[in-house]
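Participant: the following block contains a protein sequence and its predicted model.
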2 protein chains.
Amino acid sequence: MLPVRIERLSLKLPERVETAAELAPQVGRSEEWILSRTGVAKRHIHDGPVEELAAEAVRGLSLEVPPDLLINASLTPRQLIPDTSCFVMRELGWSGFPSHSVHATCLSFLVALQQAAALLSAGVYERVVVVSAERGSICRDFDEPESAVLIGDGAAAVLLTRGDGAQGLLGLRIETYPEGAELAELRGCGVYRHPNHAHTRPSDNLFHMRGPRLYRHAVPRVEALVKGLLAELHMSPQDIDLVVPHQASGPALAAIPRFGFDPSVIVNVVAEHGNCIAASMPMALAHASQQGRLTPGSRVLLLGTGAGLNVGAAILEL
Amino acid sequence: MLPVRIERLSLKLPERVETAAELAPQVGRSEEWILSRTGVAKRHIHDGPVEELAAEAVRGLSLEVPPDLLINASLTPRQLIPDTSCFVMRELGWSGFPSHSVHATCLSFLVALQQAAALLSAGVYERVVVVSAERGSICRDFDEPESAVLIGDGAAAVLLTRGDGAQGLLGLRIETYPEGAELAELRGCGVYRHPNHAHTRPSDNLFHMRGPRLYRHAVPRVEALVKGLLAELHMSPQDIDLVVPHQASGPALAAIPRFGFDPSVIVNVVAEHGNCIAASMPMALAHASQQGRLTPGSRVLLLGTGAGLNVGAAILEL
């Protein structure tokens, strides 16, 4: 068990809302098609810089003083160099303490949570802010309706401390299966299909997903991983008070009760937020907090899949 | 002190070499100009995928079994999604354990080292591989000779364990100063100047640096940080057996003796390797290992600056 306490949470939803009905003509599908395939009725869209969205989430923590480490756990960067965390620092008027970014696609928040817990536990830092902010809407390919209608923008932030030792990360497992690397991709924005190369096409710079194949690969792996994690901790699904999944899609969320969890304990905001990539999981956690569902002593299971293919889960005692 | 032991190191230099004389006509400057301004006589250039370069560095560790965590501490990604660590896993035929990337520009290796040490120390993992592989040559802007002639490609990998407690990370400091965010930039490859946006220019997708301003900002900050770290550990420059700097440029390396270190203890390979971004620091460390300079019990100071502006240093006891 790594002692860690979630002191504060913050959820930031951009003001502009785009409904399935508004999106339907852009992707050449009906509103009903969108709703039945993905369950996403609306999503928020951020039109400004991604670091502004991140900073708004951090401001929502109402910190009296800056933390001593800022981790940006997000997938859509502002630009390649410097890393996005520097721009979040600039936006907040912060300077002189460390910041960096972690990237593990949709599981970036889990990786950051584990890093923060290990660093807090070792006494290296005392107050760590993790922020996830995504502006994936820019990377939607409207010629691929299945993925384009899933994505939304949003951000969430948490302030983590070591706490008094009662709270902590009871366990965490992440597994990377690169045989699924091509199931969800944005092939551009790096050195493989660099923007200036003649063979790079505009669609390379947009997000693509083989939804049904991804679903078939991911669901059994998440199920096995969650069962393994519970077994390691001598726990059963009934010991979990709240399940906070990555909000991948309506069908992905619908698979979770099959792992043994009652639908009433599963946080499901995909209909209102869409899939906000790495921000989805902390956004769902912050949403649950706003609803008063993060009660002291309760046990929260975070779980999800991400491009990579990554599967992961963590159990927190609050 | 965080217990951590560097079990093995590996350096990978791409076969193709590009000399200052060969580069001179491409940037419209003489070989003498390149040598006097940057000190980079030659650099290696990798023409294949970046994950192949990373995998070759990892293979150089001659691991009998895979580690239980792979951290990619690099700045030039293969593509935006999935993260590059998944492709390194694929290249190595690895699957089923966690991988992720960290991005703190040229200090990514320091951040990964700290994360790995904290996770090993907490007993979360037992064997962690950190790999840094850069193919920055693709992002050179030949219309900006000052930065274009600095950059080279290369990779290095380390296998880290908890060791027996005698070895460890005695201290580490990183500071982010976002007021210097525009001193070294690649503005594209993200959502700010997305490749498909009409206002994004080809030069946005290439690396730019305001060298003299960066130097003036960075050198005093590194000096203050190193002195602060030494003071915190009740050490003086004479207690350091080896200084392994980020290989930013000839002039940047030439400033280090002023901090109180004898030039003979400073690893300087910038003339042969150029600036290999985040890979520079572990490459210099692996080079020192090949030279037999990483003797048990010795104290190594890693230090450097990166876009951001990031400054950082760490002291390891081997």
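Facilitator: Perfect, thanks for sending it.
Participant: how about the residues of the stretch 201-318 of chain A near chain B?
Facilitator: Within the stretch 201-318 of chain A, the positions adjacent to chain B are A:202, A:205-207, A:306-310, A:312 by Cβ under 8 Å from any Cβ of the partner chain. C-betas here are computed from N, CA, C, even on glycine.
Participant: can you lay out these as a markdown table showing pLDDT and neighbour count?
Facilitator: Below are these laid out as a markdown table (pLDDT from 0 to 100; neighbours: other Cβ atoms under 10 Å in any protein chain shown):
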| residue | pLDDT | neighbour count |
| --- | --- | --- |
| A:Pro202 | 96 | 11 |
| A:Asn205 | 97 | 24 |
| A:Leu206 | 97 | 24 |
| A:Phe207 | 96 | 26 |
| A:Gly306 | 94 | 29 |
| A:Ala307 | 94 | 27 |
| A:Gly308 | 93 | 32 |
| A:Leu309 | 94 | 24 |
| A:Asn310 | 96 | 32 |
| A:Gly312 | 98 | 30 |
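Participant: between these, which is nearest B:Ala54?
Facilitator: Using Cβ to Cβ, A:Gly308 comes nearest to B:Ala54 of these, at 15.5 Å.
Participant: isn't that closest one up against A:Ala104?
Facilitator: Yes. The pair A:Gly308 and A:Ala104 passes the contact test of Cβ atoms under 8 Å, sitting 7.4 Å apart.
Participant: list residues touching both of the two?
Facilitator: Common contact partners of A:Gly308 and A:Ala104 (Cβ atoms under 8 Å, 6 or more residues apart in numbering or on different chains): B:83, B:99.
Participant: what about the helices in chain A?
Facilitator: Using DSSP state H, the helices of chain A run over A:20-27, A:31-38, A:50-59, A:84-92, A:108-121, A:145-148, A:211-232, A:250-254, A:270-273, A:280-290.
Participant: what about the strands in the stretch 101-250 of chain A?
Facilitator: In the stretch 101-250 of chain A, the segments counted as strands under DSSP state E, counting those that start in this stretch are A:128-134, A:154-161, A:168-176, A:184-185, A:208-209, A:242-245.
Participant: what's the spacing between the third one and its chain's center?
Facilitator: For strand A:168-176, the gap between its own C-alpha mean and the chain's C-alpha mean amounts to 15 Å (Cα atoms, centre = their mean, to the nearest Å).
Participant: outline the domain layout of chain A.
Facilitator: Annotated domains of chain A cover A:2-165, A:169-317 [automatic domain parsing].
Participant: and these, which is most packed in?
Facilitator: domain A:2-165 (a mean of 23; mean count of other Cβ atoms under 10 Å in any protein chain shown).
Participant: per-residue confidence averaged over it?
Facilitator: Taken as a whole, domain A:2-165 carries a mean pLDDT of 97.
Participant: circling back to that earlier point, CSV for the residues of the stretch 201-318 of chain A next to chain B, including distance to B:Asn196?
Facilitator: Below are these laid out as CSV (distance: Cβ to Cβ, whole Å):
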residue, distance to B:Asn196
A:Pro202, 5
A:Asn205, 5
A:Leu206, 7
A:Phe207, 12
A:Gly306, 23
A:Ala307, 19
A:Gly308, 24
A:Leu309, 26
A:Asn310, 26
A:Gly312, 31
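Participant: quickly note the distance from A:Gly152 to B:Arg5.
Facilitator: To B:Arg5, A:Gly152 is 45 Å away according to Cβ to Cβ, to the nearest Å.
Participant: quick check: closest non-adjacent residue to the residue most central in space within chain A.
Facilitator: Nearest residue to the geometric centre of chain A (Cα atoms, centre = their mean): A:Ala278, 2.7 Å. Once flanking residues are discounted, A:Ala278 sits nearest to A:Ser108: 4.0 Å by Cβ to Cβ, 6 or more residues apart in numbering or on different chains.
Participant: start to end distance for stretch A:296-310?
Facilitator: In stretch A:296-310, first residue to last residue: 30 Å (Cα to Cα, to the nearest Å).
Participant: wait, stretch A:36-52
Facilitator: Stretch A:36-52 end-to-end distance (Cα to Cα) = 33 Å.
Participant: with stretch A:90-106 instead?
Facilitator: When the termini of stretch A:90-106 are compared using Cα to Cα, they are 25 Å apart.
Participant: is any residue of that stretch near chain B?
Facilitator: Yes. Using Cβ under 8 Å from any Cβ, we find that stretch A:90-106 touches chain B at A:90, A:94-105.
Participant: greatest separation within those residues: which pair is it?
Facilitator: A:Gly96 and A:Thr105 (30.7 Å).
Participant: just to revisit the earlier point, now tabulate the domains of chain A in CSV and tack on distance to B:Leu80.
Facilitator: CSV is the format used below for the domains of chain A (distance: least, Cβ to Cβ, whole Å):
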stretch, distance to B:Leu80
domain A:2-165, 7
domain A:169-317, 4
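Participant: of all the ones you listed, which one comes closest to B:Ser298?
Facilitator: For those, the distance to B:Ser298 is smallest for domain A:2-165, at 23.1 Å, taking Cβ to Cβ.
Participant: for the closest one, measure first residue to last.
Facilitator: 8 Å.
Participant: how far out from the middle of the chain is that domain?
Facilitator: A distance of 7 Å separates the centroid of the chain from that of domain A:2-165, by Cα atoms, centre = their mean.
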